[in-house]
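# structure for this input, please:
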Amino acid sequence: MVVLTKADLCEDPAALAERARGLHPGLVVEVMDARRAEQAEVLRSWCGPGQSVALLGSSGVGKSTLAGVLGAGDLATGGIREKDGKGKHTTTSRSLHLLPTGGVLVDNPGVREFQLGDCDEGVADLFEDVLRIVAECRFSDCRHEGEPGCAVRAAMESGELDERRYASFVKLNEEQARNARTLAARRERERKVGKSYKAAVERKRRRG
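So this is what the prediction gives:
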């Protein structure tokens, strides 16, 4: 679920909510002023007995404020820096809270970036619609930058595929490729260190 927490600061929150819903079919999007408990009532059905809720987002978006109105108690909150519009780290560690509705809530520190590892299956599942369109391209090595017969470009021009969604797909795949290279390099270093250690132990054994 995506929760847009500062509806009071936006002239047209409904338009932003509609854009967010376009990120993935079936995505649930709620819009509210996170300071007002009556508006947070729409989230109660996610916070019942046996349910767990984790709040994720950048610093300053209103996670701790939202946790408070859901019943997590008084949590430290901070404002937004005027010079760059970014939030300050107020929550510095994860905390678990039992809610009056019977569920549990995890309040997390602000997220600066996501480090993804071994997420091929997750990306494929999340972007199944994009992969289906990619498979329709005329050439298997299509870069989707305007080549003849490119199904991706055609889908974006017709409105079938949201350009922002496709950009997210490309970005996640590029990050996954970088992580895979980094992981392979780390494993190679560890293999060499292990081999060197074993050789040193063997030399010591022979001298002994």
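# quick one, domains of this protein?
Annotated domains of the chain cover 2-107, 120-207 [automatic domain parsing].
# buried sites along the helix or strand where residue 17 lies?
Residue 17 belongs to helix 13-21 when assigned by DSSP states H and E. The neighbour-count check on helix 13-21 (16 or more other CB atoms under 10 Å) flags 13, 17, 20 as buried. All C-beta spots, glycine's among them, are computed from the backbone N, C-alpha and C.
# turn the domains of the chain into TSV, columns for mean pLDDT.
Formatted as TSV, these follow (pLDDT from 0 to 100):
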stretch	mean pLDDT
domain 2-107	81
domain 120-207	83
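# mean neighbour count, those domains: which tops it?
domain 2-107 (a mean of 15; mean count of other CB atoms under 10 Å).
# helices along the protein, start to end?
13-21, 63-67, 120-126, 128-134, 151-158, 163-207 (DSSP state H).
# can you list these in TSV and add distance to residue 106?
Shown next, in TSV, are the helices of the chain (distance: least, CB to CB, whole Å):
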stretch	distance to residue 106
helix 13-21	22
helix 63-67	9
helix 120-126	20
helix 128-134	28
helix 151-158	37
helix 163-207	24
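# quick one: which of those is nearest residue 52?
Among the helices of the chain, helix 63-67 comes nearest to residue 52, with 13.0 Å by CB to CB.
# who does the closest one touch, helix- and strand-wise?
strand 52-55, strand 104-107 (3 or more CB pairs under 8 Å, 6 or more residues apart in numbering; DSSP states H and E).
# those: which one's closest to residue 127?
Across the helices and strands packed on helix 63-67, residue 127 has its closest neighbour in strand 52-55 (22.3 Å, CB to CB).
# distance from the closest one to the middle of the chain?
Distance of strand 52-55 from its chain centroid, counting by CA atoms, centre = their mean, to the nearest Å, is 14 Å.
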